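*Asks:* could you work out the structure for the sequence below:
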Amino acid sequence: MNPRALALITSLALSGSAFSQSNWGSVGSLTVALTLSYQSEALMLKDSAGKVLPATEAGGGGPTFTNSFSVDTLDRDGNITKTVATEEYGSKISSSWRWGNAEIIRALVENEILPQIGKAPFIAGWSLVVVYDGAEAAPTVYARHTDKTTILLDSVILGGPEDFYVAAITDRTVTTTLNNVLTGASTETALRTYSNTFKGTGSASVPFYFGDLRCKGLLTGSYRYVAQSEGTGVNRVITQVLVPGATKIDKILGGGSSEGLLIEGSISAAAAVVTNLYTYFPAP
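*Replies:* Purely as a prediction, here's the structure:
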């Protein structure tokens, strides 16, 4: 299977349906660890004569990007003999703003996408998880509380490989045919074993207070299919379940929706675990 079609960690969408008809899938935790660098004011506000204003409410001063002022030179009679006009601009780079799971959850709560549970600021108990549907290999990302409240979100977190990728693939299918010599009937069972380890460019879009943080970096990961068996005898059902390994996009470099915002860091999903989605999701 092409990794591009999997979109390994994708759509966070606020909607109703929690999972498809297959009861088997896999679940992995999601971790966002970004650092936001931005331009901030490097100058202090000055008055029209170039004097720094007090950085108080009464003084009207404070940090600024620009200043515009002029200084006049007068003769003995008070006539202007020289005017020096100055226009200045100053900025600095600040990199102390972290944007991770806690900040994302806080923003989702404040935007009323997640309910307020527990004590303010209502972050405790929430986590981000990616769920891979076993039937359609369709991945979705949820915010999940320890009380099993599970909310499907609405922004893309991480897409599959794009532009280019390289992969190591193992694909093996074993078909077993059983013949009944008395009736002439036969039954056939096919079991496929598939694994894929890949590396390529990947993109991410992380929820923010306004707009999304757009990122691009090196995406590495793997996935495989495992056979999940239920029942016995003629009632035995074998389901192929997509189980991604640890997946990560790092060496991220991207820009935000705000001018002068640079994003660096990583986004990763832990190795998924086969899960019965009927019991994982709370009953309606």
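
*Asks:* distance from stretch 129-145 to the middle of the chain?
*Replies:* Offset of stretch 129-145 from its chain centre (CA atoms, centre = their mean, to the nearest Å): 14 Å.

*Asks:* sorry, that was for stretch 84-97
*Replies:* Distance, centroid of stretch 84-97 to centroid of chain: 32 Å (CA atoms, centre = their mean).

*Asks:* what about this structure, any weak spots by pLDDT?
*Replies:* Low-confidence segments of the chain (pLDDT under 70): 1-22, 96, 134-138, 154-164, 229-238, 256-260, 284.

*Asks:* for the strand ranked longest in the chain, packing partners?
*Replies:* Looking across the chain with DSSP state E, the single longest strand is strand 186-207. Applying 3 or more CB pairs under 8 Å, 6 or more residues apart in numbering; DSSP states H and E, we find strand 186-207 packed against helix 3-6, helix 101-110, strand 162-179, strand 212-230, strand 237-244, strand 247-255. From N, CA and C alone the C-beta is placed, and that goes for glycine too.

*Asks:* and that strand, what's buried?
*Replies:* Neighbour counts over strand 186-207 (16 or more other CB atoms under 10 Å) mark 194-200, 202-207 as buried.

*Asks:* for those, which one is nearest E41?
*Replies:* Of all the buried residues of strand 186-207, E41 sits closest to V206, with 26.0 Å by CB to CB.

*Asks:* for the closest one, which non-adjacent residue is closest in space?
*Replies:* Spatial nearest neighbour of V206, excluding adjacent residues (CB to CB, 6 or more residues apart in numbering): L213 at 4.3 Å.

*Asks:* how many neighbours does that neighbour have?
*Replies:* Neighbour count for L213, taken as other CB atoms under 10 Å: 24.

*Asks:* could you check how far it is from P244?
*Replies:* Plainly put, L213 is 23 Å away from P244 if you go by CB to CB, to the nearest Å.

*Asks:* related to what we said a few turns ago, the helices and strands packed on strand 186-207: which one's closest to L262?
*Replies:* In terms of CB to CB, the element of the helices and strands packed on strand 186-207 nearest to L262 is strand 247-255, at 6.3 Å.

*Asks:* counting by contacts, list what that closest one packs against.
*Replies:* Applying 3+ CB pairs under 8 Å, 6+ apart, we find strand 247-255 packed against strand 186-207, strand 212-230, strand 261-269.

*Asks:* how does it look with 7 Å?
*Replies:* strand 212-230, strand 261-269 (3 or more CB pairs under 7 Å, 6 or more residues apart in numbering; DSSP states H and E).

*Asks:* let me know which of those is tucked in deepest.
*Replies:* strand 261-269 (a mean of 21; mean count of other CB atoms under 10 Å).

*Asks:* ok and it relative to strand 247-255, angle-wise?
*Replies:* Relative orientation of strand 261-269 with respect to strand 247-255: 170 degrees, computed using axes from the mean of the first three to the mean of the last three CA atoms, to 10 degrees.

*Asks:* circling back: just put the helices and strands packed on strand 247-255 in JSON lines and tack on distance to A49.
*Replies:* Formatted as JSON lines, those follow (distance: least, CB to CB, whole Å):
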{"stretch": "strand 212-230", "distance to A49": "42"}
{"stretch": "strand 261-269", "distance to A49": "35"}
